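Engineer: The sequence and its predicted three-dimensional model are supplied below.
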Amino acid sequence: MLNASTLLLVTTALSGVMLLVLSSLDADKVDGVSEWRRANVLAIVALLLFAGRGVLPDLLSIELANAIFLGTITLIYAGFRRHLGLGLPRLPLLLGSVGAFAGVLFFHYALPSQGLRVTSVSVYHSGVCFAIWATLPRSVDPRLRYPYSFTRNAAFALGLGHAWRGAFYLVDAFMPVTLLDAATWNLVFFAIGTLALPALTLGAVMMANARVLADTAWAAEHDHLTGAPTRRAFFDVAARELARAERSKGSLGLLLVDADHFKRINDTYGHGVGDQVLRNLVERTGAVIRKNDYFARLGGEEFGVLLPDTGREAAVAAAERLRMALDSRSHGTTSQAGVAYTVSIGMAMLEDGESFASLMARADQALYAAKAGGRNRVVCAEGGTEQQGEASGHA
Ligand SMILES: Nc1nc2c(ncn2[C@@H]2O[C@H](COP(=O)(O)OP(=O)(O)OP(=O)(O)O)[C@@H](O)[C@H]2O)c(=O)[nH]1
């Protein structure tokens, strides 16, 4: 038969399991994990003290147990705030927890009422659960959506549960209640009180795992130096765009962008400045291309831009606009790296039934022609051969 003592032991075991799961996460890499861990350690201590009611002195099984339990929910909340990069509203938490603990003391020694002690503690727990619910954002990266909505919903349900628990014991404030009583309502409210922590920790673990996976996926798809998408991501997007263009009989343009005399920049100013030039190139390109265009670092100082749904003329104009935006000499400024640089661009338009490898090869030939033609220019490939000078820039 289920009774409160069994529930206490099950919840203690659950907190132990949560602690083990949290230990598998790197606290240095995931913000909030150390707070969640400490909360579960404290929960185990508090639950064991609650279970010792009648055996241990009241000071331990009531005052100390409740004080620690107030600390656990506070730490869980602190973990969520830190995980989201937010500061902690210390004053409301301090006032709330001190108020709840004062209630425990008052309704133990001044006006003894087990029910009102439960109400004092429940009001604080309810407030913190609603604060967690309000803190977690609704719109997040799709990869984080499920863990966030699970945790928000759990926090909201627990906030309601605690509020109900507080109100229930407020109404029957002076009825003799024993916390470890097996009465049905008592058990339900007891479960709400004790299972809140494992439920919120489960949400926290799911959020932390999703964050680690999302960060890993981001790192695999983005270049460490410039933050631009990688060659691998570029080819994935290119395959999708090629299929889409074929299906809708739409047009697809490709630009290969290569920094001019980059070796000279490295040799003259050092690799650090070369790196800054690459970052600057990525930043400026991001500001010039349209939202629908896709830009990636293909390797070294070479970049690719996919121009979906773009006709030839518009693609030429986009390439020329990009070349000019990257030519710091043309508007009399230098890059943030402190050195002027230019780029050459090879452009090709997808032809009927053409593979992406062939499109790349034609854009590459056009880029080669742009370099051979004096650099700082755009050359467009035409069918199997490139057309020089159609949109050439200044040499
Ligand atoms: N600083 C820095 N340099 C890089 C990076 N990746 C590649 N490079 C350098 O880029 C230079 C490319 O040199 P080249 O292929 O000779 O081309 P280039 O000097 O730009 O000459 P053109 O392309 O013909 O105008 C090499 O010196 C590489 O070491 C990087 O991430 N950072």
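Structural biologist: Noted; the coordinates are in hand.

Engineer: could you pull out the strands for the stretch 201-350 of the chain?
Structural biologist: Along the stretch 201-350 of the chain, the stretches classed as strands by DSSP state E, counting those that start in this stretch are 252-259, 294-299, 302-308, 343-349.

Engineer: Contacts for the shortest one, please.
Structural biologist: Pointing back at strand 294-299 there. Residues outside strand 294-299 that contact it (CB atoms under 8 Å, 6 or more residues apart in numbering) are 223, 225-226, 228-231, 233-234, 237-238, 241, 256, 278, 282, 285-286, 289, 303-306, 308. The C-beta positions use only the backbone N, C-alpha and C, and glycine is treated the same way.

Engineer: coming back round to it: buried deepest among the strands of the stretch 201-350 of the chain, which one?
Structural biologist: Of the strands of the stretch 201-350 of the chain, the one with the most neighbours on average (mean count of other CB atoms under 10 Å) is strand 343-349, at a mean of 27.

Engineer: any idea of the angle that strand forms with strand 252-259?
Structural biologist: Using axes from the mean of the first three to the mean of the last three CA atoms, to 10 degrees, the inter-axis angle of strand 343-349 relative to strand 252-259 is 160 degrees.

Engineer: okay, strand 343-349 in CSV with CA atoms only?
Structural biologist: The C-alpha coordinates for strand 343-349 follow below in CSV (Å, rounded to 0.1, in the frame of the first residue of the first chain):
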residue,chain,number,x,y,z
VAL,A,343,38.4,39.6,-54.0
SER,A,344,37.9,37.9,-57.3
ILE,A,345,34.6,36.2,-58.1
GLY,A,346,33.7,33.4,-60.5
MET,A,347,30.0,33.0,-61.3
ALA,A,348,28.0,30.3,-62.9
MET,A,349,24.3,29.7,-63.5
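
Engineer: mean confidence for whichever helix or strand comes after it?
Structural biologist: Where DSSP states H and E defines the elements, the next helix or strand beyond strand 343-349 is helix 356-372. If you average the pLDDT over helix 356-372, you get 97.

Engineer: again with stretch 44-53
Structural biologist: On average, stretch 44-53 scores 92.

Engineer: list the contacts for the residue in the stretch 51-200 of the chain positioned nearest to the ligand?
Structural biologist: Per CB to the nearest ligand atom, the residue of the stretch 51-200 of the chain with the smallest distance to the ligand is Asp141, at 27.6 Å. Listed by CB under 8 Å, 6+ apart, the contact set of Asp141 reads Ala214.

Engineer: which residue is nearest the middle of this protein?
Structural biologist: Per CA atoms, centre = their mean, the C-alpha nearest to the average position across the chain is that of Arg211, at 5.2 Å.

Engineer: How about Arg53: what's its closest non-neighbour residue?
Structural biologist: Sequence neighbours aside, Ser61 is the residue nearest to Arg53 in space, at 4.3 Å (criterion: CB to CB, 6 or more residues apart in numbering).

Engineer: follow-up on the earlier one: in space, what's closest to the residue nearest to the centre of the chain - neighbours in sequence excluded?
Structural biologist: Distance criterion CB to CB, 6+ apart; nearest residue to Arg211, sequence neighbours excluded, is Val30 at 6.3 Å.

Engineer: ditto for Ser251
Structural biologist: Take Ser251 and drop its neighbours on the chain: the residue closest to it by CB to CB, 6+ apart is Gly311, 5.3 Å away.

Engineer: you'd agree the residue nearest to Arg53 is up against Leu47?
Structural biologist: No - using CB atoms under 8 Å, Ser61 is not in contact with Leu47, being 11.0 Å away.

Engineer: picking that back up, out of the strands of the stretch 201-350 of the chain, nearest to Ala318?
Structural biologist: Closest to Ala318 of those is strand 302-308 (CB to CB; 5.9 Å).

Engineer: neighbouring strands for the closest one, and are they parallel or not?
Structural biologist: If you go by DSSP bridges, strand 302-308 pairs up with strand 252-259 (antiparallel), strand 294-299 (antiparallel).

Engineer: Mind putting those strands into CSV with mean pLDDT and distance to Arg362?
Structural biologist: Putting the strands paired with strand 302-308 into CSV (pLDDT from 0 to 100; distance: least, CB to CB, whole Å) gives the following:
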stretch, mean pLDDT, distance to Arg362
strand 252-259, 98, 8
strand 294-299, 97, 15
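
Engineer: Tabulate these (CSV), appending distance to Val343.
Structural biologist: As requested, the strands paired with strand 302-308 are exported to CSV (distance: least, CB to CB, whole Å):
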stretch, distance to Val343
strand 252-259, 5
strand 294-299, 13
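
Engineer: and Leu70, which of those strands is closest to it?
Structural biologist: Proximity to Leu70 (CB to CB) singles out strand 294-299 among the strands paired with strand 302-308, at 51.0 Å.

Engineer: How far does the closest one sit from its chain's centre?
Structural biologist: Using CA atoms, centre = their mean, to the nearest Å, the mean C-alpha position of strand 294-299 is found 23 Å from that of the whole chain.

Engineer: right, is that strand up against the ligand?
Structural biologist: No - applying CB under 6 Å from any ligand atom, one finds strand 294-299 separated from the ligand by no less than 7.4 Å.

Engineer: contacting residues around the helix or strand Ala100 falls within?
Structural biologist: Assigned by DSSP H and E, Ala100 belongs to helix 90-105. With contacts defined as CB under 8 Å, 6+ apart, helix 90-105 is touched by 62-63, 66-67, 70-71, 74, 77, 116-117, 119-121, 123-124, 127-128.

Engineer: swap the cut-off to 6 Å and go again
Structural biologist: Helix 90-105 is contacted from outside by Asn66, Ala67, Leu70, Thr74, Arg117, Ser120, Val121, Tyr124, Gly127, using CB atoms under 6 Å, 6 or more residues apart in numbering.

Engineer: cool, stretch 50-67 as well?
Structural biologist: Outside stretch 50-67, the residues that touch it by CB under 6 Å, 6+ apart are Leu8, Ala46, Leu49, Phe101, Val104, His108, Val121.

Engineer: Report the closest residue of the protein relative to the ligand.
Structural biologist: Closest to the ligand within the chain is Gly274: 2.7 Å, counting by CB to the nearest ligand atom.

Engineer: wait, what's in contact with that residue?
Structural biologist: By CB under 6 Å, 6+ apart, the neighbours of Gly274 are Ile265, Asn266.
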